[in-house]
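Asks: Next input, structure requested:
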Amino acid sequence: MKRAVDKRGFTLLEVLIATVVLAISLSGLYMLLRSGIKTTDAVLTDVELLEASNDLLYRAYREKLGLTETGSYRKADEYEGIKYRIDRTPTGIEDVYEYRLSVKKDGRTVVYRYYK
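Replies: Next up, the predicted model:
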């Protein structure tokens, strides 16, 4: 007499294959999320730099914000972790100078040039 084989459940091989497929899917999802977070952080830093640059540029143009020596940066008091530098070079036209405003944070830099 033959015994009836119970066919309920999964084999060990099926469970291993399902686990591998799940691991590959989750690692792809993790990579996608990590890349999105890095991009978001970079964009937020750029936006913060642009806001600080616009503020400093306005203050430098209107309120005669102090100039610095070439190569030295000052801390922007209103913006955490942001440093700026303003360089002045003559343009060859009497009483007209080129001002270069460099603003940096976390290795990212924004540079503006204006003439006055």
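Asks: Strands along the protein, start to end?
Replies: In the chain, the strands defined using DSSP state E lie at 74-75, 83-90, 97-105, 108-115.
Asks: just so I know, which of these lies nearest Ile17?
Replies: Closest of the strands of the chain to Ile17 is strand 108-115, at 44.9 Å (criterion: Cβ to Cβ). Every C-beta, even on glycine, is put in place using the N, C-alpha and C of the backbone.
Asks: Tell me which residue lies nearest the centroid of this structure.
Replies: Ala42 (1.7 Å; Cα atoms, centre = their mean).
Asks: Report the contact partners of it.
Replies: Shown in contact with Ala42 (Cβ atoms under 8 Å, 6 or more residues apart in numbering): Arg108.
Asks: Starting from Tyr112, give me the distance back to it.
Replies: As judged by Cβ to Cβ, to the nearest Å, Ala42 and Tyr112 stand 20 Å apart.
Asks: Show me the contact partners of the helix or strand of the chain with the lowest mean pLDDT.
Replies: Least confident helix or strand of the chain, by mean pLDDT, DSSP states H and E, is strand 74-75 with a mean of 76. With contact meaning Cβ under 8 Å, 6+ apart, strand 74-75 is reached by Thr68, Ile82, Lys83, Tyr84, Arg85.
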